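**Q** what shape does this take:
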Amino acid sequence: MMKKPIVIGLILMASLMLIAGPVALAWQEGPSTDWWYIDPSYGDYQESLPLIIELDGNSSAEQVLYVGDTVEITVDIYPYAVSSSGGSDGAYAEWLLEVNGTTGYSSDTDFAYAHDSGDDPIIGHAEVGTNMTLSITYLLTDTGIHTVYANSSVAVSQYSVNVANETVDASLTFEVVVKTEIDVLVGVKTKADVLQDNGVPGKGINVAPGLQKEVPNDNSAKGKNK
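**A** I've put the predicted structure just below:
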């Protein structure tokens, strides 16, 4: 006499997709001492931006996400840029992680900028670089499709003119559903059943009118939504 929960849900739809943007490093030397280097993935530590959605430490793409769950969305970034011309060098990096859908919008974004006017021969260049994990804690409050997007961008300028820029980005989608649990009654106990289960003897137990009534059971058939 047991109950069996039936959980109805849809499988998380998550497919990592690199949208656009080169991931190889870029390097150029000028005609004299001018040179620059940019790489949104900083030495090819990664070939794309690895977006991760975790629910209670589980990042499997086969997990089911329900209204009321809180997920942790993360991505690692490694942008780097340096410029050396001796005349007003600039290096810029920008990064973004965002999620948008019926639940709402949330983001984690920032930038870094360095500038060298060329007045100090010891410095002689502008350089920015970082490696960090962007993170969003996201409470799922509504059903529907949600989109996660991330990018890492770098750029350099020389003599106050932009000379190069690179971007790497990625996105994925997931669906949030309502959890429905249906407790199915597979058997009902009578008072006679309870007595027999407890070893009480007697041939009349199964026919005594007062013992054929069902025992109240909190696990009787019912449906509940979560």
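**Q** name the single longest strand found in the protein.
**A** As assigned by DSSP state E, the longest strand anywhere in the chain is strand 161-177.
**Q** and E166, bridged to which residues?
**A** Beta-bridge partners recorded for E166 (DSSP bridges): V154.
**Q** for this protein, which spans come out with low pLDDT?
**A** For the chain, the stretches with pLDDT under 70 are 1-33, 42-48, 118-124, 181-189, 192, 194-197, 199-200, 202-226.
**Q** where do the domain boundaries of it fall?
**A** 9-179, 188-225 (automatic domain parsing).
**Q** can I get stretch 68-75 as PDB, trimmed to CA atoms?
**A** Taking C-alpha atoms only, stretch 68-75 is exported to PDB below (Å, rounded to 0.1, in the frame of the first residue of the first chain):
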ATOM      1  CA  GLY A  68      10.900  28.400  -7.900                       C
ATOM      2  CA  ASP A  69      14.400  27.100  -8.600                       C
ATOM      3  CA  THR A  70      17.400  29.300  -8.100                       C
ATOM      4  CA  VAL A  71      20.200  28.800 -10.700                       C
ATOM      5  CA  GLU A  72      23.800  30.000 -10.800                       C
ATOM      6  CA  ILE A  73      24.900  31.100 -14.200                       C
ATOM      7  CA  THR A  74      28.600  31.500 -14.800                       C
ATOM      8  CA  VAL A  75      31.200  32.100 -17.500                       C
END
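**Q** give me the contact list for that stretch.
**A** Identification of contacts with stretch 68-75 by C-beta atoms under 8 Å, 6 or more residues apart in numbering yields 49-55, 65, 97, 99, 133-141, 148, 150, 170, 176, 179, 226. Every residue, glycine included, has its C-beta placed from N, CA and C.
**Q** and the residue lying closest to S117 once chain neighbours are set aside, how many neighbours?
**A** Among residues not flanking S117 along the chain, S88 sits closest, at 5.7 Å (C-beta to C-beta, 6 or more residues apart in numbering). Neighbour count of S88, defined by other C-beta atoms under 10 Å: 17.
**Q** contacts only, for S88.
**A** 115-118, 157-160.
**Q** with Y80 instead?
**A** Residues near Y80 by C-beta under 8 Å, 6+ apart: 37-39, 42-43, 93, 128-130, 154.
**Q** and what of Y149?
**A** Applying C-beta under 8 Å, 6+ apart to Y149 gives the contacts 96-100, 169-171.
**Q** 7 Å instead, please
**A** For Y149, the contact set (C-beta atoms under 7 Å, 6 or more residues apart in numbering) comprises 98, 171.
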